[in-house]
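*Asks:* Structural data only, the sequence is not supplied:
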């Protein structure tokens, strides 16, 4: 039985709690100036380097303490969406999946996402009017 939850999503950071058959593990993604790193229980399992256009899809092959092999796919959208005006600069989306199912999928990588860049002006105006109570 596998269960995952995002416990922290902040500027250049994502922490995921992974419960695997009663054992607790942590997957951490960190964006540095020249490198992005993924850690599983404080062991580096993936890294991408470069100044621009770094890879954001990580195929993870991780071993637990009892030598159980886990394979997962971690996808991070590091860009803050243009419509996110809270100033926190959180990554736009996070997706963690096994071969069978998506454990976490939200934000720009989630199901039923709304591409706000392609919305019409009328839709944006109506949503803003409702949010501000001007309707």
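*Replies:* That came in fine, so what should we check first? No experiment lies behind these values; they were computed from the predicted model shown. Numbers count the residues shown, from 1 in each chain.

*Asks:* CA only for contacts and neighbour counts going forward, please
*Replies:* Fine.

*Asks:* ok, for residue 109, nearest residue in space, not its chain neighbours?
*Replies:* Nearest in space to residue 109, with sequence neighbours left out and distances taken as CA to CA, 6 or more residues apart in numbering, is residue 93 at 5.0 Å.

*Asks:* Work out for me the element the most centrally placed residue in the chain sits within.
*Replies:* With distances taken as CA atoms, centre = their mean, residue 94 lies nearest the centre of the chain, 1.9 Å away. Using DSSP states H and E, residue 94 maps to strand 93-97.

*Asks:* repeat for residue 125
*Replies:* helix 121-132.

*Asks:* Stretch 53-71 - what's its average pLDDT?
*Replies:* In this model, stretch 53-71 has a mean pLDDT of 86.

*Asks:* Also stretch 11-22?
*Replies:* What stretch 11-22 shows for mean pLDDT is 91.

*Asks:* who's in contact with it?
*Replies:* Contacts with stretch 11-22, where a contact means CA atoms under 8 Å, 6 or more residues apart in numbering, come from 1-9, 24-32, 78, 88-91.

*Asks:* same check, this time on stretch 46-54
*Replies:* By CA under 8 Å, 6+ apart, the surrounding residues in contact with stretch 46-54 are 33-39, 55, 58, 60.
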